[in-house]
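Peer 1: Got a predicted structure here, sequence first:
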Amino acid sequence: MDFSFDEAQTELRRSVLDFAQSQLSTNGADPYVFRKDLWKQCADFGILGLSVPPEYGGSGLDVISTTLAMEALGFGCNDHGLLFSMHAHMWAVITPIIAFGTDEQKQRWLPGLIDGTLIGAHGMSEPDSGSDAYSLRTRAELHGDSYILTGTKTFVTNAPVADVFLVFATVNRKRGMWGVTAFVLEAGMPGLAVSAPFRKLGLQSSPMSEIVLDGCSVPVSHRLGSEGQGAAVFSHSMGWERSCILASQVGRMDSQLQTAVRYARERQQFGKPIGNFQLIAAKLADMKVRLETSRLLLYRAAWQQSVGGDVGLHSAMAKLYISEAAVQSALDAVQIHGGYGYMQEFNAERELRDAVGGTLYSGTSEIQRLLIARQLGLSAS
């Protein structure tokens with residue numbers, strides 16, 4: 001069993017880390033603002049096209065190399081919201097277009113999504129269907145050579161700044177998941193409206209809102225895949241998302257640990273560094289164990305995807321463990337910093353607020369436990 005990376009992967013990690021540390025620092029910037037300038041810098045560097053085939057302008061990297069790059073990005077960039085927006089754009093919009101799009105669709109949308117001139121958003125959740133993803137009320141009715149979409153999507157990351165929307169609607173509610181169909185919409189289409197941005201606990205530089213479809217006419221040529229194939233489109237993007245979206249969180253956990261260790265060595269109480277106190281040292285040790293366990297689960301899931309293995313089980317385990325470990329380690333970091341950890345100037349409290357979202361997006365922790373239980377042969381519900 002080989003846990004090392006090859007020379008090309010090592011160089012990729014180094015270059016991404018150098019880029020993130022030198023170009024993506026947001027210290028002193030407004031943490032509530034989506035930075036389109038940084039988005040374009042990431043696109044110019046090649047981040048948005050890491051896993052995209054070269055014929056569409058991407059790098060064509062394998063999933064393990066892509067995961068490694070996103071971990072390095074998470075370590076070097078302190079704007080978690082920017083990273084979250086990029087993950088939503090890459091795994092929930094670009095990846096399904098690559099897998100299910102026609103040549104015409106790929107040529108139409110991929111170049112702009114890769115070079116940063118287009119921003120993608122993914123609309124699945126609805127006010128009445130979150131974890132119960134396929135009980136959609138948004139409907140699509142075929143009229144001639146267009147579908148008429150009516151309904152509301154909520155918690156749509158990037159919606160306030162998006163140019164392209166991957167939206168799921170049902171053509172037949174009685175068929176359940178087999179009636180769900182995917183469509184690619186463009187900003188400005190009549191009948192497509194975007195609400196004001198939501199105010200969130202964390203990830204505040206990643207804009208999120210509702211989108212309302214009021215008789216939105218969508219050409220048949222904008223349907224992604226066939227009618228009723230929406231569940232497959234969604235599952236495919238979730239496989240990538242759950243494997244890769246937390247790579248950046250693992251990177252943040254690594255950076256957070258290094259910051260906490262440095263603080264514990266420098267901060268003195270009772271005449272010695274606080275890291276010499278057993279209770280502080282124990283918290284740092286626990287943070288290290290969580291980090292390395294998270295990294296192993298992350299790359300195990302990526303490896304399973306690269307060999308066509310059981311992605312569902314391993315991505316669910318990675319998603320569950322990493323998201324919850326990140327919250328606990330963020331809490332420990334606040335405690336280690338004491339009163340300073342509660343102050344916004346030290347960034348520890350922001351790390352904690354941002355980490356909480358990981359237990360909710362891309363499937364809640366409760367849903368991940370149900371998925372794992374079902375893989376064990378249990379009819380959990």
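Peer 2: That came in fine, so what should we check first?
Peer 1: Please count neighbours and contacts with C-alpha atoms only from this point.
Peer 2: Noted.
Peer 1: List the contacts of residue 71.
Peer 2: Residue 71 is in contact with 247-252, counting by CA atoms under 8 Å, 6 or more residues apart in numbering.
Peer 1: closest to residue 72 among those residues?
Peer 2: residue 251 (5.9 Å; CA to CA).
Peer 1: Can you get me a residue count around the closest one?
Peer 2: For residue 251, the neighbour count with other CA atoms under 10 Å is 23.
Peer 1: Then residue 344?
Peer 2: Using other CA under 10 Å, residue 344 has 10 neighbouring residues.
Peer 1: Could you report the separation of the residue nearest to it when sequence neighbours are not counted from residue 204?
Peer 2: Nearest non-adjacent residue to residue 344, counting by CA to CA, 6 or more residues apart in numbering: residue 350, 7.0 Å away. Residue 350 sits 10 Å away from residue 204, going by CA to CA, to the nearest Å.
Peer 1: how about the helix or strand where residue 286 lies: buried residues?
Peer 2: Using DSSP states H and E, residue 286 sits in helix 278-306. Of the residues in helix 278-306, 280-281, 283-284, 287-288, 290-291, 293-295, 297-305 count as buried by neighbour count, 16 or more other CA atoms under 10 Å.
Peer 1: Over to stretch 13-27?
Peer 2: In stretch 13-27, counting by 16+ other CA under 10 Å, buried: 13, 16-17, 19-21, 24.
Peer 1: Just to be sure, which of these are found in helices?
Peer 2: Of these, the ones assigned to helices by DSSP state H are 13, 16-17, 19-21.
Peer 1: got these as TSV, with pLDDT and distance to residue 363 columns?
Peer 2: Formatted as TSV, those follow (pLDDT from 0 to 100; distance: CA to CA, whole Å):
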residue	pLDDT	distance to residue 363
13	96	28
16	97	28
17	97	28
19	97	31
20	96	28
21	94	30
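Peer 1: Which one of these is nearest to residue 57?
Peer 2: residue 16 (18.3 Å).
Peer 1: Let me know whether residue 61 touches residue 47 as I believe.
Peer 2: No: Residue 61 is beyond contact range of residue 47, at 10.7 Å (criterion: CA atoms under 8 Å).
Peer 1: CA atoms of the helix or strand harbouring residue 107 as PDB?
Peer 2: Counting by DSSP H and E, the element that carries residue 107 is helix 103-115. This file holds the C-alpha atoms of helix 103-115, laid out as PDB (Å, rounded to 0.1, in the frame of the first residue of the first chain):
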ATOM      1  CA  ASP A 103     -21.300  17.900 -27.700                       C
ATOM      2  CA  GLU A 104     -23.300  21.100 -28.500                       C
ATOM      3  CA  GLN A 105     -24.000  21.700 -24.800                       C
ATOM      4  CA  LYS A 106     -20.400  21.200 -23.800                       C
ATOM      5  CA  GLN A 107     -19.200  23.600 -26.500                       C
ATOM      6  CA  ARG A 108     -21.700  26.100 -25.400                       C
ATOM      7  CA  TRP A 109     -21.100  26.200 -21.700                       C
ATOM      8  CA  LEU A 110     -17.900  24.500 -20.700                       C
ATOM      9  CA  PRO A 111     -15.400  27.100 -22.100                       C
ATOM     10  CA  GLY A 112     -17.000  30.000 -20.200                       C
ATOM     11  CA  LEU A 113     -17.400  27.900 -17.000                       C
ATOM     12  CA  ILE A 114     -13.700  27.000 -17.100                       C
ATOM     13  CA  ASP A 115     -12.300  30.500 -18.000                       C
END
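Peer 1: Run me through the strand neighbours of the following helix or strand past it, direction for each.
Peer 2: Where DSSP H and E defines the elements, the next helix or strand beyond helix 103-115 is strand 120-123. Take DSSP bridges as the rule and strand 120-123 pairs in its sheet with strand 164-170 (parallel).
Peer 1: any idea how far the partner strand is from the chain center?
Peer 2: Centroid displacement of strand 164-170 relative to its chain, using CA atoms, centre = their mean, to the nearest Å, is 18 Å.
Peer 1: Tell me where the chain has helices.
Peer 2: Counting by DSSP H, the helices of the chain are 7-23, 36-45, 63-76, 80-89, 95-100, 103-115, 230-244, 247-266, 278-306, 311-337, 348-356, 365-375.
Peer 1: what does the shortest one rub up against?
Peer 2: In this structure, residues lying in contact with helix 95-100 by CA under 8 Å, 6+ apart are 52, 105-106, 110, 224-225, 233-234, 236-237, 240.
Peer 1: okay, the nearest residue to residue 261 once chain neighbours are set aside: pLDDT?
Peer 2: Nearest non-adjacent residue to residue 261, counting by CA to CA, 6+ apart: residue 284, 7.0 Å away. Looking at residue 284, its pLDDT stands at 98.
Peer 1: For the residue of the chain positioned farthest from its centre, give me phi and psi.
Peer 2: No residue in the chain sits farther from the centre than residue 271, which is 43.9 Å out by CA atoms, centre = their mean. The phi/psi pair for residue 271 (degrees, to the nearest 10) reads phi 80, psi 10.
Peer 1: Where does pLDDT dip in the stretch 251-381 of the chain?
Peer 2: 380-381 (pLDDT under 70).
Peer 1: cutoff 90 now
Peer 2: For the stretch 251-381 of the chain, applying pLDDT under 90 flags the ranges 304-313, 344-347, 362-363, 378-381.
Peer 1: Pull the residues that contact stretch 370-381.
Peer 2: With CA under 8 Å, 6+ apart, stretch 370-381 has contacts from 312-313, 316-317.
Peer 1: now that stretch, how far from the centre of its chain.
Peer 2: Centroid separation for stretch 370-381 versus its chain: 24 Å, with CA atoms, centre = their mean.
Peer 1: I'd like the distance from the residue nearest to residue 168 when sequence neighbours are not counted to residue 176, if you could.
Peer 2: Using CA to CA, 6+ apart and skipping residues adjacent in sequence, the residue nearest residue 168 is residue 182, 4.6 Å away. The gap separating residue 182 from residue 176 is 14 Å, by CA to CA.
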